[in-house]
Structure formats: C-alpha cells, structure tokens
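**Q** here's a sequence, model it:
(one chain, ligands or ions: 2)
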Amino acid sequence: MAERVVIFDTTLRDGEQSPGISLDPIEKLEIAEQLAKLNVDYIEAGFPVASQGDFDAVSEIAKQIEGPTIAALSRTHLADVDRCWEALKHAEKARIHVFISTSPSHLEHMLKMTPAQIIKETKAGVYRAKQYTEDVEFSPQDATRTPYDFMLEVLNAAVESGATTLNIPDTVGYGIPWDFGALIANIRKEIPGDYIISTHCHNDLGLATANSLAGVQNGARQVEVCVNGLGERAGNAALEEVVMALAIRSDLFPGLTTQIRTEELAKTSRLVSRLTGYPVQYNKAVVGRNAFAHESGIHQHGVLSDRSTYEIIDAKSVGQTGSQIVLGKHSGRHAFTDTLAKMGITLHGDAVNASFKRFKELADKKFEITEADIEAIVAQEMGVA
Ligand code: KIV
Ligand code: ZN
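**A** Ligands and ions are numbered 1, 2, ... in the order given. Down below sits the predicted model:
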C-alpha cells in the first residue's frame, strides 16, 4: 500500500507573515474552505496568541472546517499553549504546534536563554500541549543553523514529552538539498520513538521546494508548504510545486503519495492571490498564467503535434485551461494557421503566405498578437478593411 506524504498547509499562518498581508477571519475561512476542497491533511490556521483577530480566525476555522486537521502555532510558554488550545478546542481533529528557537544566534540575540533553559522550556511546552491533544508537533526554530548535538538533545526531549511530529525548520532558507536531506536521514537514525519527521523550508536561496523533496527522499513524511510559495521574506516551499514534483517524478519517490486533488490547484492559487493581494508571477511553476503557454515556433509546432513534446504536466490536471499557443514574433506558420483554423477562417494559396508575412511584421512591433489583430490582418488581405 502507498505511504502518505502529509501535506501541512501553513498559508494562513506562515504565508500570512508575508510583508503586507493581513487576512480577516472571513477571508481566512474562505481560504480554509478551499484548502479543504484541495484535500490538504493539515491547515495551520494561525498563531492565536498573536492577536484577537488571529484567535478568532483559528476558532472559526476549527468550528467550521471538516476534513483536514486544524493546527495552530504556540510558543512553549504555558499560557500560549493554553490560549492555542482555547482557539482549537472545537475542531473535529486538532494539533498544537509548539516551537522554540535553538540556534546560537537566536538564543543570544532574541531569547537570551541558555541551552539548558531551552530543553526545560521544550519539555514543559510539549507536555502541556499533550494534556490537550494527542497530536503535538514540535519545531526547533532555525534548526539548520543549530549545532547538531544540541538539536538532537532538544528533539529527544520533545519526543519524550509527547511530540508525535518533529518539524525541522530551515527558518532562514540556509539549507542545500543534499545537506538538508542528510540532516533528515540522520535525525531519523538518531532519535528513537514513534514520530514522523516534517520539513519546513524557506526560500531565501530559491531552494525551498528542492530541500523539501530532499527531506522526503530521506525519510520525512510531512512537508510544510504555502500556496503560491507565500511566507516570510522569500517565502516557503510552494504547495503546488512540491505536490506536482512528487506526482510527476513518482519514479523517484516509489510508494509515496499525497491525497491532494490537483485539479483544485489553480483555483486555490487564484483565490489566495486575490485575497492576499499578492500577484502570482506569470512564469510561476504549475499555477502561473504562462506555465502552459508556448510562444516560439519550434515549441508551438511540437505542442500542436503532441503536447508531451514541451509539457510534463497536463494543464487540466492542475485546473488550468490547457496548453496555450501565444502568437508573437517567435511564432511560426503552424501556430498561425492553427489559430486561423480555430477562428474558423479559411485562406487559400497566396493569401496564407501574404497574411503570415503581415502577421510577422506586426509581431515585430507588438508583444502579443490577439484574435482581433488576426481578423484585421485577414480583412486587409482580402481587401475588406
Ligand atoms: O520558519 C520557521 O522556523 C517557522 C517555525 C515557527 C516553524 O515558521
Ligand atoms: Zn517558517
């Protein structure tokens, strides 16, 4: 039987930490409903202690969303954990996600705590969370810049206190795939117990998706991701990229699967973009408007013969409309005549050559040629303009 890679969506928590994004509880609920349709395993709905609005959003999502488990973030402070549970308590299934920083930089400049205090805090926070729910996740923040032996000590303390998921945050996007993968494999080897390992990769070096996949290859069975790759600074690993990489290169992840309904990906991306005000870059993998668009003549010729020549994903399988042939200065006769045929225009003999020549002249002056432009070209050629 296939083994599940758990998709833990943190668009509503880490994604909302993108500069300039602030979602109200109703907007968060709308996104959570769509995430449930997408069939993610976990929705991290917020950080209840951060604000009353975030508390209310987590609470509403916990009350109303069925299907995914609802998670919320908490520092190790006991009062934070209590508040986190207060927001989550109506959920059908709930997870408390407890975190504390472990890197020397964070200990010295932010927490002003000793390693011994971190261990004590970890035990107390995780233990408190465990009094409320079986499902407790623990994260040593800035794990990839934490001395390895100390990180193991903290993770051991978390498991002994009841954590069932150990999340390894690459908080500042410092990891490189083979290095991050080795870290995950070593943790699996060194920490005994019944838990799953999770990745949480930021994109400061543009490696968040690659690092998440390296984690899975080395034993992680949960990935933390955000729709459209939202998140602090350069963002988090993009949900749509990780999910489609696991699906399209399943040959490299034998026996592993997600339960994501990929046909909902484009719609989810558009909703998140509209409500956050963050545009999706045109050439964004999977959900960008150009992800299935072809402009050059050679590519268009290939795709018009068989889309597998230049596409590895079926656009419809991710909710996009299909391959798009965009007419521009690199386009060739195949694309031009195919567009004429789709527009129901039949030209004969020299008229095709002459219209194609006019089209090329116009394409040199204009980025994209529309159907209205084609109609005008044909009309001129036929002497009706
Ligand atoms: O990036 C990070 O370290 C986090 C933790 C709170 C998991 O978002
Ligand atoms: Zn993060």
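**Q** and the host helix or strand of Gly125, which residues are buried?
**A** Element membership for Gly125 (DSSP states H and E) is helix 115-132. Applying a neighbour-count criterion of 16 or more other CB atoms under 10 Å, one finds 118-119, 121-130, 132 buried in helix 115-132. The C-beta positions use only the backbone N, C-alpha and C, and glycine is treated the same way.
**Q** ok, stretch 345-364 next?
**A** Buried residues in stretch 345-364, counted by 16+ other CB under 10 Å: 345, 347, 352, 355-356, 358-359, 362-363.
**Q** which one of those residues sits closest to Ala293?
**A** Ala363 (15.4 Å; CB to CB).
**Q** tell me if I'm right that that closest one and Ile369 touch.
**A** Yes. Using CB atoms under 8 Å, Ala363 makes contact with Ile369 at a distance of 5.6 Å.
**Q** spit out the contact partners of Ala71.
**A** 8, 42-45, 88, 94-97, 137 (CB atoms under 8 Å, 6 or more residues apart in numbering).
**Q** the helix holding Gly125 packs against which elements?
**A** Secondary-structure packing of helix 115-132 (3 or more CB pairs under 8 Å, 6 or more residues apart in numbering; DSSP states H and E): strand 69-75, helix 78-88, strand 94-101, strand 136-141, helix 148-160.
**Q** again, only using 6 Å
**A** Counting contacts by 3 or more CB pairs under 6 Å, 6 or more residues apart in numbering; DSSP states H and E, helix 115-132 is packed against helix 78-88, strand 94-101, strand 136-141, helix 148-160.
**Q** that older thread, closest one to Glu60 out of the buried residues of helix 115-132, please.
**A** Nearest to Glu60, judged by CB to CB, of the buried residues of helix 115-132 is Tyr132 at 19.0 Å.
**Q** neighbours of the nearest residue to that closest one once chain neighbours are set aside, just the number please.
**A** Nearest residue to Tyr132 in three dimensions, chain neighbours excluded: Trp85, at 4.3 Å (CB to CB, 6 or more residues apart in numbering). The tally of other residues near Trp85 (other CB atoms under 10 Å) stands at 19.
**Q** is it true that Trp85 touches Lys130?
**A** No. The criterion here is CB atoms under 6 Å, and Trp85 misses it with Lys130 at 10.9 Å.
**Q** next to ligand 1, which bits of this protein? Give me the list.
**A** 14, 73, 99, 139, 141, 167, 169, 171, 200, 202 (CB under 6 Å from any ligand atom).
**Q** rerun that using 5 Å as the cut-off
**A** 14, 99, 139, 141, 169, 171 (CB under 5 Å from any ligand atom).
**Q** the residue nearest to Ala293 when sequence neighbours are not counted and ligand 1: what is the separation?
**A** Nearest non-adjacent residue to Ala293, counting by CB to CB, 6+ apart: Gln324, 4.3 Å away. According to CB to the nearest ligand atom, to the nearest Å, Gln324 stands 36 Å off from ligand 1.
**Q** ditto for Lys342
**A** Separation of Lys342 from ligand 1 (CB to the nearest ligand atom): 47 Å.
**Q** that residue: neighbour count?
**A** Based on other CB under 10 Å, the number of other residues close to Lys342 is 10.
**Q** please name the nearest non-neighbouring residue to Pro115.
**A** Here the residue nearest Pro115, using CB to CB, 6+ apart, is Phe150, at 5.7 Å.
**Q** read off the pLDDT value for the residue of the chain most remote from its centre.
**A** Distance from the C-alpha centroid of the chain, by CA atoms, centre = their mean, peaks at Gly383 (52.6 Å). Gly383 carries a pLDDT value of 75.
**Q** then Asp54?
**A** 96.
**Q** work out for me the element it sits within.
**A** Asp54 belongs to helix 52-64 when assigned by DSSP H and E.
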